[in-house]
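Peer 1: need the 3D shape of this:
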Amino acid sequence: MPEIDSLLSTLLWTCAGIVGFAYVGYPVVVWLMSRLFGRDPRPPAVESADLPAVSLLIAAHNEEADIETRIQNALALHYPKGKLEVVIASDGSTDGTNDIVRRYADRGVRLVEFAVNRGKAAALSAAVPQLHGKVVVLSDANSHMDADAVRRLATWFADPAVGVVCGKLILTDPATGRNVDGVYWKYETFLKRCESRLGALLGCNGAIYAVRRSLFPTVEDATIIDDFVIPLEVRRRSRCRVQYDAQAVAWEQTAPGLGAEFRRRVRLGAGGFQSISRLWRLLSPAHGWVSFTFLCHKILRWICPFCLVAMLAANLLLLGVPGYETVLAAQAGFYAVALVGAMTPSRPRALRLLKLATMFTTMNLALLVGFVRWAIGAQGGTWRRTPRAPVPWDARPRADVGAT
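Peer 2: Model (predicted):
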């Protein structure tokens, strides 16, 4: 039936075009647009006496293995004396987290304790009204910041148009402490730079971002990915600028295994689909470049798993039509490479190319699982700690190991 074959062919190639644009075409387009229409603002020059009071808010849940080194890292930050408060929001911790935090009360560290684990977004929303700083810097218990990171973030707020500032997160190997930013992380950092130039940055790194406290939104307790929803809610409500600063650096260990990383991506996928229902108004052209980046970087990316499934299904139904056996073989070959990549060691370096197919496939599978969990209401906003080996706060990688 030629009509059905034509529809199936259109479906297959349309889906292929969406996937190709989402991962390859969009980076090219957003880079070009950022060069033609964007700008690269510099942080204002601000004297120490003029820096705003800052509240460093660290969300924690059962973090007794990491919280002490995190506090030590926070207390070593270079910021004017008396202008930085350190607050730990303990969300239903049942281990020794709260007792450890209390030991630092005489050094100005404040514990905001919640008896029930309601989730990170709920803890942040409840803690922020209790803060004293004009700027809230948000971070995690398993992250560590460069000594000048908070100062870098705070400097931007001398510009009244800036409402949110996102720092740079560098991933490290738990065994060696070396910078292990992979191709995908560098790819996402590149997109952040381009989108920031357009004034259309989407979300932040939860390990290091700052919000003007007067603009901090109230978000629903069940929010899954707060570091995406909070900055964009601030942007939607106030039309402020969300700025990226690659010189404000935090460090965080990668997940200890493929299983933990996959579960993290499933959670992010569920949170992505949840956020569409809350942030869809940003798709209006009235929001300028944000509507473009939200559609192309996020919405199209999130529908790619369905496109991949549709491509495979359409291809199977088109068997017998000349040329489509080759297309099916190409799809099968790609997924075979992804499977081989999953079983291949990271060294030698040449074999890492196989892992690009693995990363792409597992990321889209995680998005698909995340959609199912969101659709059936199985993914809540509460969190489960990812176990990591504790490291001293100053044992982060040096600049000479590739942290750029």
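
Peer 1: tell me the domain boundaries of the chain?
Peer 2: For the chain, automatic domain parsing gives the domain ranges 1-37+271-381, 48-254.

Peer 1: ends of the longest one, how far apart?
Peer 2: Using C-alpha to C-alpha, to the nearest Å, the span of domain 48-254 from its first residue to its last is 34 Å.

Peer 1: tally of neighbours for G288?
Peer 2: Applying other C-beta atoms under 10 Å, we find 14 residues neighbouring G288. Every residue, glycine included, has its C-beta placed from N, CA and C.

Peer 1: just the pLDDT at it, thanks.
Peer 2: Looking at G288, its pLDDT reads 93.

Peer 1: that one touches R236, doesn't it?
Peer 2: No: the pair G288 / R236 is not scored as a contact, 11.8 Å apart, by C-beta atoms under 8 Å.

Peer 1: residues contacting the host helix or strand of D99, please?
Peer 2: Taking DSSP states H and E as the criterion, D99 maps to helix 97-102. Here helix 97-102 makes contact (C-beta atoms under 8 Å, 6 or more residues apart in numbering) with 60-64, 67-68, 71, 88, 90, 109, 111, 113.

Peer 1: returning to that earlier point: single out the most deeply packed of the domains of the chain.
Peer 2: domain 48-254 (a mean of 20; mean count of other C-beta atoms under 10 Å).

Peer 1: before we move on, back to that, and of the contacts of helix 97-102, the nearest to N205?
Peer 2: Checking the contacts of helix 97-102 against N205 with C-beta to C-beta, the nearest one is A60 at 17.3 Å.

Peer 1: show me what contacts the closest one?
Peer 2: Applying C-beta under 8 Å, 6+ apart, one finds that A60 lies in contact with I67, I88, A89, S90, D91, S93, T97, D140, A141.

Peer 1: let me see the ranges of the helices in the chain.
Peer 2: Assigned helices in the chain, in chain order: 2-20, 26-37, 67-75, 97-102, 120-127, 149-155, 183-197, 226-238, 258-279, 289-293, 300-317, 324-342, 352-375 (criterion: DSSP state H).

Peer 1: could those helices go into JSON lines alongside distance to N205?
Peer 2: As requested, these are exported to JSON lines (distance: least, C-beta to C-beta, whole Å):
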{"stretch": "helix 2-20", "distance to N205": "26"}
{"stretch": "helix 26-37", "distance to N205": "18"}
{"stretch": "helix 67-75", "distance to N205": "16"}
{"stretch": "helix 97-102", "distance to N205": "23"}
{"stretch": "helix 120-127", "distance to N205": "14"}
{"stretch": "helix 149-155", "distance to N205": "11"}
{"stretch": "helix 183-197", "distance to N205": "9"}
{"stretch": "helix 226-238", "distance to N205": "7"}
{"stretch": "helix 258-279", "distance to N205": "12"}
{"stretch": "helix 289-293", "distance to N205": "16"}
{"stretch": "helix 300-317", "distance to N205": "17"}
{"stretch": "helix 324-342", "distance to N205": "26"}
{"stretch": "helix 352-375", "distance to N205": "18"}
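
Peer 1: show me where pLDDT drops low in this structure?
Peer 2: 1, 173-182, 255-258, 346-352, 380-404 (pLDDT under 70).

Peer 1: longest strand in it, by residue count?
Peer 2: Using DSSP state E, we find that the single longest strand of the chain is strand 241-253.

Peer 1: which helices and strands does it pack with?
Peer 2: In terms of contacts (3 or more C-beta pairs under 8 Å, 6 or more residues apart in numbering; DSSP states H and E), strand 241-253 is packed against strand 143-145, helix 149-155, strand 162-172, helix 183-197, helix 226-238.

Peer 1: okay, the ones you listed in a markdown table with distance to R39 next?
Peer 2: A markdown table is the format used below for those (distance: least, C-beta to C-beta, whole Å):
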| stretch | distance to R39 |
| --- | --- |
| strand 143-145 | 27 |
| helix 149-155 | 18 |
| strand 162-172 | 13 |
| helix 183-197 | 6 |
| helix 226-238 | 17 |
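
Peer 1: what about those, which gets the closest to F21?
Peer 2: helix 183-197 (13.6 Å).

Peer 1: which other residues reach that closest one?
Peer 2: For helix 183-197, the surrounding residues in contact (C-beta under 8 Å, 6+ apart) are 27, 30-31, 33-35, 38-40, 166, 168, 171, 181, 201-202, 242-244, 246, 289, 293, 297, 352, 356, 359, 363.

Peer 1: swap in 7 Å and give it another go.
Peer 2: Helix 183-197 is contacted from outside by 27, 30-31, 34, 38-40, 168, 171, 201-202, 243-244, 293, 297, 356, 359, using C-beta atoms under 7 Å, 6 or more residues apart in numbering.

Peer 1: may I have that helix exported as PDB, CA atoms only?
Peer 2: The C-alpha coordinates for helix 183-197 follow below in PDB (Å, rounded to 0.1, in the frame of the first residue of the first chain):
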ATOM      1  CA  VAL A 183      32.600  14.500  25.800                       C
ATOM      2  CA  TYR A 184      29.000  14.800  26.800                       C
ATOM      3  CA  TRP A 185      29.700  17.100  29.800                       C
ATOM      4  CA  LYS A 186      31.900  19.300  27.700                       C
ATOM      5  CA  TYR A 187      29.200  19.300  25.100                       C
ATOM      6  CA  GLU A 188      26.600  20.500  27.700                       C
ATOM      7  CA  THR A 189      29.100  23.100  29.000                       C
ATOM      8  CA  PHE A 190      29.500  24.400  25.500                       C
ATOM      9  CA  LEU A 191      25.800  24.800  25.100                       C
ATOM     10  CA  LYS A 192      25.600  26.700  28.400                       C
ATOM     11  CA  ARG A 193      28.200  29.200  27.200                       C
ATOM     12  CA  CYS A 194      26.300  29.800  23.900                       C
ATOM     13  CA  GLU A 195      22.900  30.100  25.600                       C
ATOM     14  CA  SER A 196      24.300  32.400  28.200                       C
ATOM     15  CA  ARG A 197      25.600  34.700  25.500                       C
END
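
Peer 1: any idea how far that helix is from the middle of the chain?
Peer 2: What separates the centre of helix 183-197 from the centre of its chain is 11 Å, taken as C-alpha atoms, centre = their mean, to the nearest Å.
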